[in-house]
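Chemist: I would like to see how this sequence folds:
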Amino acid sequence: MRILFIGAGVSSTSLLKHLSELKLNENVAIDVVDSKNHIGRGQAYIEDSDVLRANVPVQEMSLDKDATHYERWLKEQGYVVDRFSSRRQFGEYMEDVLMSIVRANDNIQVIKDKIEHLDYDGQLFHCQIGNKEKCYDIVYLGIGMLEYMDPYELKGMENFIYNPYPIIKELKDVKQNVAIVGTGLSGIDCLRYLLIERNLGKVYMFNRSNELPAVRGTHYDFNFEYFTRDTLLKYVQDEQFTLENVKSLFIKEMRYQEISLELFERKSGDIIKDLQFDVDHPDTVGKLEYFLIEFNKIFTPFLHLLSKAEQKKLFEEYQPYISSNYSPMPREVATHIIEWLQSGRLEMIEDLEKIEKKELFILTADEKQYEMDVVINATGTNMDITSTKEPLVQHLYMKKLIEPHHLGGLKVDSHYHVVSPKYGVIKNFFAFGELTIGMTYLSNAVFDIFDMTREIAIEIKQTANNPAKNKKTD
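Modeler: Reported below is the predicted structural model:
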């Protein structure tokens with residue numbers, strides 16, 4: 001049996017780690033295919049500046065059931081262990097984990113290439129790798145994020161940096177009079193590189209809403225009393241699983257854990273004041289942040305059971321409150337931003353309406369115009385597979401092997417089998433990660449991915465042991 005992994009980032013490395021521990025049969029051969037720069041690193045952890053920090057503590061980033069695995073690896077490499085490592089260090093660790101798996105398993109090989117076409121005949125998958133035609137019994141799609149959005153249609157214009165990564169390459173020649181569009185974690189990466197490593201005098205950040213992510217607080221462990229898997233299962237069995245009941249249970253659990261609902265409304269619009277509150281109250285905000293992590297673990301497997309209308313309502317009305325507290329920045333990063341805002345090295349401008357390119361870029365915000373030499377795109381990634389320019393996803397969509405999920409990404413069932421408009425549920429085609437947001441919800445942290453891919457590994461092992469039974473599609 002032959003298995004193909006497309007992509008070699010966090011989810012693929014996690015899945016391979018589980019498969020290695022489960023001891024697949026000797027007749028199973030696995031090819032792991034990704035571009036040279038992304039092997040073992042994915043897109044998020046490529047070789048880049050050390051000012052780019054992971055926003056999750058070291059103790060929560062192990063690709064191992066031992067939570068100290070990453071921390072011990074850092075010490076073994078001679079790195080000083082802070083609460084947050086650089087993303088480059090984590091990429092180095094992940095690559096080391098992957099290559100250790102490959103060295104220990106003769107049936108796993110890494111191929112540095114890019115797959116742009118994948119076809120399916122109802123049983124086997126066919127693709128070209130290099131100059132060879134290959135076929136596979138099982139495919140795992142773990143390519144991570146798609147290309148960046150381009151909401152102002154500036155791609156290709158001179159001095160517009162469409163994708164800022166790797167930052168040490170794309171931003172190395174940026175000088176003064178620069179605008180970063182987007183205030184999420186990518187925008188913060190660009191900001192830190194320009195002000196710390198490049199030592200620019202001033203940077204402008206633009207967005208439609210003048211908000212930054214929350215600040216990482218104190219770690220908390222939770223044992224939920226009311227918002228539990230058993231309670232949600234009872235709702236499902238009694239046909240009472242509705243968004244309103246989920247919301248009521250969520251609020252009941254928050255009150256039981258003595259977390260104020262007012263924390264969701266703490267943003268005042270004054271960025272310095274908002275960041276300073278989080279910095280000064282690490283226990284308060286940390287308790288909310290880790291409450292949401294526990295909530296996500298319990299709720300995610302049930303999300304798809306809500307009606308489409310209620311899922312849409314969740315994402316439109318409630319998701320912004322959750323998201324703003326779910327991927328917080330490190331405290332060190334927040335204190336730097338406060339200092340830069342106070343000193344005038346950073347100016348944040350909200351209500352961005354449009355960007356035009358004349359001799360310079362003209363950014364219109366709050367009825368004012370700003371002239372900029374360089375515009376850096378940090379608006380986030382495109383999650384619409386119907387409009388993506390990513391060749392493989394585009395090909396799969398055109399061949400009707402994948403279909404869009406109404407919340408973004410592609411549709412998979414509750415076991416991460418790809419749902420095809422042509423073949424239905426394809427039991428030997430798995431997908432996981434950012435592309436499966438409609439099923440995985442907020443589960444994009446390393447510890448989430450590592451835990452959740454074990455389920456896929458167990459099924460792949462069962463399929464490999466009994467291939468005839470599992471090749472059929474529904």
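Chemist: would you list every one of the strands in the stretch 251-400 of the chain?
Modeler: Per DSSP state E, counting those that start in this stretch, the stretch 251-400 of the chain carries strands over the ranges 346-349, 352-357, 361-365, 368-372, 374-377.
Chemist: and the longest one, which strands flank it?
Modeler: In other words, strand 352-357. strand 361-365 (antiparallel) (DSSP bridges).
Chemist: Please apply the same query to the first one.
Modeler: Taking DSSP bridges as the criterion, strand 346-349 pairs within the sheet with strand 203-206 (parallel).
Chemist: Can you give me the buried ones in the partner strand?
Modeler: Across strand 203-206, burial judged by 16 or more other C-beta atoms under 10 Å covers Val203, Tyr204, Met205, Phe206. Quick note: C-beta positions are derived from backbone N, CA and C, even for glycine.
Chemist: what does that strand contact?
Modeler: The contact list for strand 203-206 (C-beta atoms under 8 Å, 6 or more residues apart in numbering) reads 178-183, 187, 191, 194-195, 340, 345-350, 352, 363, 365, 370, 372.
Chemist: Show the average pLDDT along stretch 286-302.
Modeler: When pLDDT is averaged over stretch 286-302, the result is 95.
Chemist: for it, the distance to its chain's centre please.
Modeler: Relative to the chain's own centre, stretch 286-302 is displaced by 16 Å; criterion: C-alpha atoms, centre = their mean, to the nearest Å.
Chemist: what's that stretch in contact with?
Modeler: 214, 216-222, 224, 227-229, 232, 236, 241, 246, 250, 253-254, 257, 259, 263, 322, 325-326, 328, 414, 439-443, 445, 448.
Chemist: Verify the contact between Thr449 and Thr13 for me.
Modeler: Slight slip there: residue 449 is Ile, not Thr. No: at 9.2 Å, Ile449 and Thr13 do not qualify as touching, with contact defined as C-beta atoms under 8 Å.
Chemist: who's more crowded, those two?
Modeler: It is Thr13, of Ile449 and Thr13, that has more neighbours when counted by other C-beta atoms under 10 Å, with 29 against 22.
Chemist: Apart from its neighbours in sequence, what residue is nearest the more buried one?
Modeler: The shortest distance from Thr13 to any non-neighbouring residue, by C-beta to C-beta, 6 or more residues apart in numbering, is to Leu98 (4.8 Å).
Chemist: got the CA coordinates for the strand ranked longest in the chain in PDB?
Modeler: What stands out as the longest strand in the chain, according to DSSP state E, is strand 424-431. Extracted C-alpha coordinates of strand 424-431, given in PDB (Å, rounded to 0.1, in the frame of the first residue of the first chain):
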ATOM      1  CA  GLY A 424     -19.200  11.700  -2.100                       C
ATOM      2  CA  VAL A 425     -17.200  10.900   1.000                       C
ATOM      3  CA  ILE A 426     -13.800   9.600  -0.100                       C
ATOM      4  CA  LYS A 427     -12.600   7.300   2.700                       C
ATOM      5  CA  ASN A 428      -9.000   7.200   1.500                       C
ATOM      6  CA  PHE A 429      -8.600  11.000   1.000                       C
ATOM      7  CA  PHE A 430      -7.900  12.900   4.200                       C
ATOM      8  CA  ALA A 431      -7.500  16.700   4.800                       C
END
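Chemist: Thank you, goodbye.
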